[in-house]
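Q: generate coordinates for the sequence data below:
(2 chains)
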Amino acid sequence: MRRTRESSDGPIEIDRLIHEPARLLIVAHLYVIESADYVFLMQRAGLTWGNLSSHLTKLEGAGYVELIKEFVERKPHTMVRLTDEGRGAFDAYRRQMKALFEDLPVEGGD
Amino acid sequence: MTPRTLLRDIERKAWLQTFEHGLWDIAIGLLWLSIGVSILTGYVWMTPIWVAVALPSLQQSMRRLIVPRIGHVAFRKRRQRSTARITAILTVTALLGVVFFFLTSWSTQANAPRAILWLRSHMLAVIALIWGGALAIAGWAADFPRLFLYGAVLFGVLLGADLGLPYDMGESLLGVGALITAVGLILLLRFHRRYPAHEQEEDADA
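A: Next comes the predicted model:
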């Protein structure tokens, strides 16, 4: 499981599966909606079919998303949904990134 | 921009994309057009028939023209409720306005209550308020900003007719309906240029 965790003496561990920019966009979109198909995610994340498919395979392998296969007018159609585990992982990732940036000292621009 | 605002922005952009195609504008524009034509010609039955034909046609057009281009998305319950609200508000108020118009037009009793007589003398202002207000409420309920503009135009044009400008209610609705339909058609053309159609490649996600 690639959960984000913070150790008291070691470096902060970021969930790299979510941290990758394209996957971050995919997960962020799935976090705020109920479910979407490949075309929607391609449009919103600016990915090709192959790229999207590869990222979704990784997210599905980690249990973060589930692919719901259905038939619409006798044609196969796949909807993608964030699982509870994926939602929890994204919440943890948000907290981690927020803490990381809030801890940074504010420097005046030069 | 905070993470929460950014997520809200992502959701709102995805939501607003579902109105970019102009089909809702065409449906609303044609609805006012049909009411305008039914008033001008006296064929009252045109509007209910239009509503009965338009809703399934709109659903089919979405499936054939829009979904292959921007895909299918199911929004969370809050948004799903607002889509149902916008359809219900627009349909009910359009029909209420038509019923109100014909009831007051056909009422010939000279000894009718004063309130009815007053409503009759300001019928267009009342309808302007009902329909303009309904569009504004629907715009707020569905987070669909163009509806505010359409509500304001409809309200202004009908109020103008009530205040004695040289056009009647049928002509007002015909004009506003044609304008909204034209906006919808322009949006639809722009949408088609911006988003190419995609087919679901099911083997790719295996």
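
Q: may I see the buried residues of the helix or strand that contains B:F155?
A: According to DSSP states H and E, B:F155 maps onto helix B:146-162. Neighbour-count burial for helix B:146-162, counted by 16 or more other Cβ atoms under 10 Å in any protein chain shown, picks out B:146-148, B:150-151, B:153-155, B:157-159, B:161-162. Placement of C-beta: from N, CA and C, glycine included.

Q: can you give me the strands for chain B?
A: B:73-74 (DSSP state E).

Q: what residue lies at the spatial centre of it?
A: A centroid search over chain B (Cα atoms, centre = their mean) returns B:I28, at 3.3 Å, as the residue closest to the centre.

Q: contacting residues around that one?
A: Taking Cβ atoms under 8 Å, 6 or more residues apart in numbering or on different chains, we find B:I28 in contact with B:90, B:135, B:147, B:150, B:180, B:184.

Q: quick one: which of those is nearest A:R87?
A: Nearest to A:R87 among the contacts of B:I28 is B:L147, at 32.4 Å by Cβ to Cβ.

Q: would you confirm that the closest one contacts B:A136?
A: Yes: B:L147 is within contact range of B:A136, at 6.9 Å (criterion: Cβ atoms under 8 Å).

Q: how about the residues of chain A near chain B?
A: Applying Cβ under 8 Å from any Cβ of the partner chain, we find that chain A lies next to chain B at A:28-29, A:31-44, A:49-50, A:53, A:56-57, A:67, A:75-79, A:94, A:97-98.

Q: find me the pLDDT at the spatially most central residue of chain A, would you?
A: Against the mean C-alpha coordinate of chain A, by Cα atoms, centre = their mean, the closest residue is A:V27 at 2.8 Å. Note on A:V27: pLDDT of 95.

Q: contact partners for it?
A: Per Cβ under 8 Å, 6+ apart, neighbours of A:V27: A:18, A:59, A:64-65, A:82, A:86, A:90.

Q: tabulate those residues (a markdown table), appending neighbour count, secondary structure and pLDDT.
A: Below are these laid out as a markdown table (neighbours: other Cβ atoms under 10 Å in any protein chain shown; DSSP: H, G, I helix; E, B strand; the rest coil; pLDDT from 0 to 100):
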| residue | neighbour count | secondary structure | pLDDT |
| --- | --- | --- | --- |
| A:I18 | 24 | helix | 93 |
| A:L59 | 25 | helix | 96 |
| A:Y64 | 26 | coil | 96 |
| A:V65 | 24 | strand | 96 |
| A:L82 | 25 | strand | 95 |
| A:G86 | 22 | helix | 95 |
| A:F90 | 21 | helix | 95 |
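
Q: okay, now the residue of chain B found nearest chain A: neighbour count?
A: Residue nearest to chain A within chain B: B:G71 (3.0 Å; Cβ to the nearest Cβ). Using other Cβ atoms under 10 Å in any protein chain shown, B:G71 is surrounded by 21 other residues.
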